[in-house]
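A.B. asks: Here's a sequence, model it:
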Amino acid sequence: MLLVLAGLGPYFKSRDDLIGSFFDQVAAPTLEETYRDGGQPGFRLDSLCFRGPDGERHALLRPELSGSLSLAAGRLRTIERRPIPSLVAFTLGSILYHAGLDHEHLPLESIWAEEAEPRSGSIDLVLLSTTFICDRYTLARAVRWITTRYPGVPIVLGGQFTNLKYRLVLRDHPEVTCVVRGDGEVALPAVVRAIRGGGDLGAIPNVVYREPDGSIGQTGVEYVDLDAHPSPVFPGELPIVPYESMRGCPFSCKFCSFPAASPKWRYKSAEKIISDWRDYCDHNGTVHIRAMDSTFTVPPRRFRQLLRELPGEGIGWEAFTRANSLVDQGVVDALAAANCRWLSIGFESMSENSLAHMDKRVRAYQNRRAFELLKDSDVGYRISFMAGYPGETPEDFRETHDFLVQDYQGHFQLYVFSLQDETMPVWQDAGKFDIRVSDLENPDYAWSHVGMDVETARSLRRNALREVRWRNDKAVALLWQTDYQSPLLPHRSAEVNYRVEKLVERVGMLPLDHPSPAEGVPLLRSLLAELGELGVLVDEAATASPSEGRVLA
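C.D. replies: Numbers count the residues shown, from 1 in each chain. You can find the predicted model right below:
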């Protein structure tokens, strides 16, 4: 049996923001006691609840993996939640399925959390995706997990990280049999059969392998025609499908190594995309597509054709785009008409200096224009920013800070710039910006450049998040929401749900923002009163019960 290990990496940096808050399951019992002493007996986040339109009571913060609530015929109903496959797992699984190769998929998240083991008792080959592995330490951790359980079993790697560092990986990990570079549709089944049957890896395209004498052999790279090749498909019901409409990227942002890992930019035609989506609807009952490309709105001609033809398809979708693709109200109206539900956009910064350093090829005014067009539209959005890009000064970041605190509305994410990936083009500017890293094994934790050091960037980010939390009623940071079902109130409007998320964040972060109960308890009471006006209550039974099993739905 083949074992496929694919999924996300182990780093969820926003988790660190929650340490010491009510969201922190380790610290929460102590914090609850502190607030009890301050006059708010036994408050817990998981005691927040609401009554549905039918009068039934439900937990506000429902675990993401439990049954989800859906509004139908005026009644909230609990429906089965099925895990949404990652794009990598979906693609690999489809390749193996169509090749007739039985396999078991284990999400990488299970490895990092040490929560699950493969069901299959006999594993003869392991396929490890490195798409969301971003450093040598994490790769070594995954390889060690494999060799501990399956000593001597061949290991095949593929994905973003090994597309760039295949020779380094084969040098450092003699346990690894070979690396599949680039497209795996043809190469991967051939590699599996060659390893099992003693075939010649050197006869398969897109493979880097170990010769009998220990030297590294490498075959030529061949690309799949995305329009001609069948798209990933599975039997069974898949309400939400991840989708890939292109490989590579036409842009060259210096903080991203993606184009280097897949140098040839290729994309599916609008006709192919619409045909694929129809097939998912017809065969899998799909109602929503998650386009996972770096930017779905290029090339412009394809984008315009999709906007003309998708309105008649009746399927919801979300995608990544760039701010400068949203040029006027007509584009946003066309997106809404085409059933676009969400857009994710990397603004990165509101500083012209910082954007120029990044080679983002988007101007600050284009970011602001995109925001103004989206904020009152029917298209949802999530916008991301970063602090500390090489060359950025605290004064440059202040422009992002002020935009978030004073003007922004809706969901956003704010990160500290990461130097984790040593293949990013920004390293070409190491001399220009005096980029220094004191610990090459952990570059994210000890860097500096002409504008600031990592501690300054963290402080700027922390202060910005706190000011947005308390000074901007309409901007909602995405920090804790991924653990819970969305929307929190399925029977209420998006505007109400934004407000509830905002208030929950303020409540949850009180122990960090106002550690003294003398300050925090009056604020807590005020916030709970406002939540009460929106239909969110504190369930006294849940408050008095043990911490286990407190989900009310």
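A.B. asks: Would you mind pulling up the elements that the helix or strand harbouring Leu527 packs against?
C.D. replies: Secondary-structure assignment from DSSP states H and E places Leu527 in helix 517-533. Packed against helix 517-533, as judged by 3 or more C-beta pairs under 8 Å, 6 or more residues apart in numbering; DSSP states H and E, are the following elements: helix 28-37, helix 494-508, helix 510-513. Any C-beta I mention is one placed from the backbone N, CA and C, and that applies to glycine too.
A.B. asks: By mean pLDDT, show me the worst of those.
C.D. replies: Here the helices and strands packed on helix 517-533 differ in mean pLDDT, and the lowest is helix 28-37 at a mean of 60.
A.B. asks: Check which helices and strands the helix or strand just after that helix is in contact with.
C.D. replies: Once the chain leaves helix 28-37, the next helix or strand it forms, by DSSP H and E, is strand 48-51. For strand 48-51, the packing partners by 3+ C-beta pairs under 8 Å, 6+ apart come out as strand 57-59, strand 536-538.
A.B. asks: looking at the ones you listed, which is closest to Lys360?
C.D. replies: Minimum separation from Lys360 across the helices and strands packed on strand 48-51 (C-beta to C-beta) falls at strand 536-538, 39.5 Å.
A.B. asks: what angle do the helix holding Leu527 and helix 494-508 make?
C.D. replies: 160 degrees (axes from the mean of the first three to the mean of the last three C-alpha atoms, to 10 degrees).
A.B. asks: buried set for helix 517-533?
C.D. replies: By neighbour count, with 16 or more other C-beta atoms under 10 Å as the criterion, the buried positions of helix 517-533 are 517, 520-521, 524, 527-528, 530-531.
A.B. asks: what's the closest of those residues to Thr138?
C.D. replies: Each of these was checked against Thr138 using C-beta to C-beta; the closest is Gly520, at 37.4 Å.
A.B. asks: Just the pLDDT at that closest one, thanks.
C.D. replies: 86.
A.B. asks: The one 3 residues further on now?
C.D. replies: Looking at Leu523, its pLDDT stands at 92.
A.B. asks: now swap in Ser547 and tell me
C.D. replies: 37.
A.B. asks: how near is the residue nearest to Ser448 when sequence neighbours are not counted to Val153?
C.D. replies: On the basis of C-beta to C-beta, 6 or more residues apart in numbering, the spatially nearest residue to Ser448 that is not a chain neighbour turns out to be Arg436, at 5.1 Å. Counting by C-beta to C-beta, to the nearest Å, the separation of Arg436 from Val153 is 41 Å.
A.B. asks: out of the two, which sits in the more crowded spot?
C.D. replies: Set side by side, Arg436 and Val153 give different neighbour counts by other C-beta atoms under 10 Å, the larger being at Val153 (15 against 12).
A.B. asks: which residues touch the more buried one?
C.D. replies: Under the criterion of C-beta atoms under 8 Å, 6 or more residues apart in numbering, the neighbours of Val153 are 123-126, 146.
A.B. asks: from the residues you listed, which is closest to Glu505?
C.D. replies: Proximity of the contacts of Val153 to Glu505, judged by C-beta to C-beta, is greatest for Ile146, which lies at 38.9 Å.
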